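Chemist: what follows is a predicted structure for the sequence shown.
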Amino acid sequence: MTLSSLAYCFSSKTSKITYLNISSPLLVKRDIFVFKWRVPQVLCEAPESWGGLSDVELIIRCALKAFENNELLQDFLNGKQNNVYKAIIDEVMYDLAGRGIALKDHLSIPYGDIEMNRYRKGPALTADKCREITNIGLGDENALDRIFPPPK
């Protein structure tokens, strides 16, 4: 199985993302990594006065062409349940919060039929780390693990 044939699929029964082997994926593993890489850059750029960014704001501010599926995006932006974008952002942000990159607010925001979360810079996003991740541009998983080690 090649990396390009690996895609994420959302299961409404389990609310989990799983891998599927398909020939024309909507989102490949690399797309998810790029999103995971862009979020810390976006959080570094966001002024403290904003008080954090919601799931929707993160998707929009990350401006990823890989996520341009208009029907799925509109479902997400309209707050429809069981949307793949919501599942992806929840999984990505769980990982980034575990690394200390993002802090999730305790209160969620009602948004259509779903609850949106709000995130702000975590303790790992120091001024030096923000400069480092911004200067790299687009890194790889090794760079992410080196700069922000995953929890053990």
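Modeler: Looks like it came in fine. Numbering: from 1, shown residues only.

Chemist: ok, then the element right after the longest helix that the chain contains?
Modeler: Longest helix in the chain by number of residues, with DSSP state H as the criterion: helix 29-45. Note on helix 29-45: by DSSP states H and E, the next helix or strand toward the C-terminus is strand 53-54.

Chemist: and that next one, what does it pack against?
Modeler: strand 118-121 (3 or more Cβ pairs under 8 Å, 6 or more residues apart in numbering; DSSP states H and E). From N, CA and C alone the C-beta is placed, and that goes for glycine too.

Chemist: so Val34 touches Asp140, yeah?
Modeler: No. If you go by Cβ atoms under 8 Å, Val34 and Asp140 don't touch, sitting 10.1 Å apart.

Chemist: neighbour count for those two, which is higher?
Modeler: For Val34 versus Asp140, neighbours defined as other Cβ atoms under 10 Å are more numerous around Val34 (18 against 12).

Chemist: how about the strands in the chain?
Modeler: 6-11, 16-21, 53-54, 102-104, 109-111, 114-116, 118-121 (DSSP state E).

Chemist: which one of the ones you listed has the poorest average confidence?
Modeler: For those, mean pLDDT drops lowest on strand 6-11, to a mean of 40.

Chemist: looking at the protein, which helix or strand is least sure?
Modeler: strand 6-11 (a mean of 40; mean pLDDT, DSSP states H and E).

Chemist: so, low pLDDT: which residues of the protein?
Modeler: Across the chain, the ranges flagged by pLDDT under 70 are 1-28, 64-73.

Chemist: which ones are touching Arg61?
Modeler: Applying Cβ atoms under 8 Å, 6 or more residues apart in numbering, we find Arg61 in contact with Val42, Glu45, Ala46, Leu53.

Chemist: I figured the third one hits Cys62, correct?
Modeler: No. With contact defined as Cβ under 8 Å, Ala46 does not reach Cys62; the gap is 11.6 Å.
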